[in-house]
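Enquirer: Fold the following for me, if possible:
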Amino acid sequence: MRLESPGLTTDLDLLRLQGSTVTDHGDHLVVRTEANPTFWWGNFVLVPTAAHADEVDRWVARFEEEFPDAQHRAVAFAHDGGDTDAWAARGWDVEGDVDLATTELPTAADAADGIQLRVLTSDDDWEQSAQVGARDTPEEQRDPRLVFERRRVTAQRGLVDSGRAQWFGAFDGDRLVARLGIVRLGDLARYQDVVTLESHRRRGLAGALVRAAGEWAFDDPAIGRLVIVAEDGGPAIGLYQRAGFAEVARHVGVSKPPPDAA
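Expert: Down below sits the predicted model:
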């Protein structure tokens, strides 16, 4: 199945590298991550069209057939537009994503004084990264969220150890306050998990990390384009555009916990 979105194609490449399986059923893909069953966007159905109102029941049933024990529901559509209102009317969350890309090194101001940028190396660095990932989780959901984040960290460290990837952090003293990853995939490099703690936003940290990661990616002469994905309408898009990225594609994901967990 051919996908035009570099965000989705690199998502699938990254998932495969981390042990996920992607099964092509002709008119849709099934993505499965057995090592992390609570990873919603590692266990989902991907449809290569926009959403259609008359197909809601079909894709819900298809997901439930493939993932009968899942504690979530997740379906991705490779094109934006369509009738996402039909999903929202049934209580599903609808999230649009924008793929942005550049062939040039991103521009960015220097990070704030007192902040150190460096790669994540130690067990403590990676544990802090997991904690940052769980930063906004309600207390009653924090333990399972940390299990999920630590599983992701294990997969990310595997990518770093393979030489394909690097994770960068911004540290205020010994405290990790922002982080992101970047993975080389053929002639593309894909950014991952760009997060800045609320206490340290609007200080140039994300932009500085984006540039540092871009420098690392372009050290490989095979890399010709950097790809990053941002939430449609979110504040990150402006940051990336100011750094030199331009929109190249859009797509949509719909998700929902199962009825007995809502």
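
Enquirer: which residues of the stretch 101-250 of the chain fall in helices?
Expert: Ranges of helices in the stretch 101-250 of the chain, per DSSP state H, counting those that start in this stretch, are 123-133, 142-162, 205-218, 236-242.

Enquirer: other SSEs contacting the first one?
Expert: Packed against helix 123-133, as judged by 3 or more C-beta pairs under 8 Å, 6 or more residues apart in numbering; DSSP states H and E, are the following elements: helix 142-162, strand 165-172, strand 175-185, strand 188-196. The C-beta positions use only the backbone N, C-alpha and C, and glycine is treated the same way.

Enquirer: Can you list the low-confidence ranges for the stretch 51-200 of the chain?
Expert: Within the stretch 51-200 of the chain, no stretch has pLDDT under 70.

Enquirer: let's go with 80 and repeat that
Expert: For the stretch 51-200 of the chain, applying pLDDT under 80 flags the ranges 108-113, 136.

Enquirer: how about a markdown table for the helices and strands packed on helix 123-133, with mean neighbour count added?
Expert: A markdown table is the format used below for these (neighbours: other C-beta atoms under 10 Å):
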| stretch | mean neighbour count |
| --- | --- |
| helix 142-162 | 16 |
| strand 165-172 | 22 |
| strand 175-185 | 22 |
| strand 188-196 | 21 |
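
Enquirer: quick one, domains of this structure?
Expert: 6-100+252-261, 115-223 (automatic domain parsing).

Enquirer: how about the ones you listed, which one is nearest residue 106?
Expert: Nearest to residue 106 among the domains of the chain is domain 115-223; the distance by C-beta to C-beta comes to 4.8 Å.

Enquirer: chain center to that closest one: distance?
Expert: Put simply, domain 115-223 sits 11 Å off its chain's centre (C-alpha atoms, centre = their mean, to the nearest Å).

Enquirer: right, and the helices of the stretch 101-250 of the chain - which one's nearest residue 224?
Expert: Evaluated with C-beta to C-beta, these place helix 205-218 nearest to residue 224, the distance being 9.1 Å.

Enquirer: Name the surrounding residues that touch that closest one.
Expert: In this structure, residues lying in contact with helix 205-218 by C-beta atoms under 8 Å, 6 or more residues apart in numbering are 105-112, 115, 117, 166, 168-170, 177-182, 184, 189, 191, 194, 196, 223, 226, 228, 236, 239-240, 242-243.

Enquirer: quick one: residue 254 and residue 89 touch, right?
Expert: No: taking C-beta atoms under 8 Å as the definition, residue 254 is not a contact partner of residue 89, at 11.4 Å.

Enquirer: what about the two, which has more around it?
Expert: The neighbour comparison of residue 254 against residue 89 (other C-beta atoms under 10 Å) goes to residue 254, with 23 against 11.

Enquirer: And the helix or strand where that one lies, what does it pack against?
Expert: Per DSSP states H and E: residue 254 is located in strand 246-256. If you count contacts as 3+ C-beta pairs under 8 Å, 6+ apart, strand 246-256 packs onto helix 6-17, strand 73-77, strand 93-102.

Enquirer: Okay, buried residues for that strand please.
Expert: Buried residues in strand 246-256, counted by 16 or more other C-beta atoms under 10 Å: 248, 249, 250, 251, 252, 253, 254, 255, 256.

Enquirer: Report the contact partners of the second one.
Expert: Listed by C-beta under 8 Å, 6+ apart, the contact partners of residue 249 are 4, 5, 6, 7, 98, 99.

Enquirer: beta partners for the fifth one?
Expert: Translated: residue 98. Taking DSSP bridges as the rule, residue 98 bridges to residue 230, residue 250.

Enquirer: Residue 238 is in contact with that one, correct?
Expert: No: the pair residue 98 / residue 238 is not scored as a contact, 11.3 Å apart, by C-beta under 8 Å.

Enquirer: Settle it for me: which of those two has more neighbours?
Expert: Neighbour comparison, residue 98 and residue 238: the larger count goes to residue 98, with 24 against 10 (by other C-beta under 10 Å).
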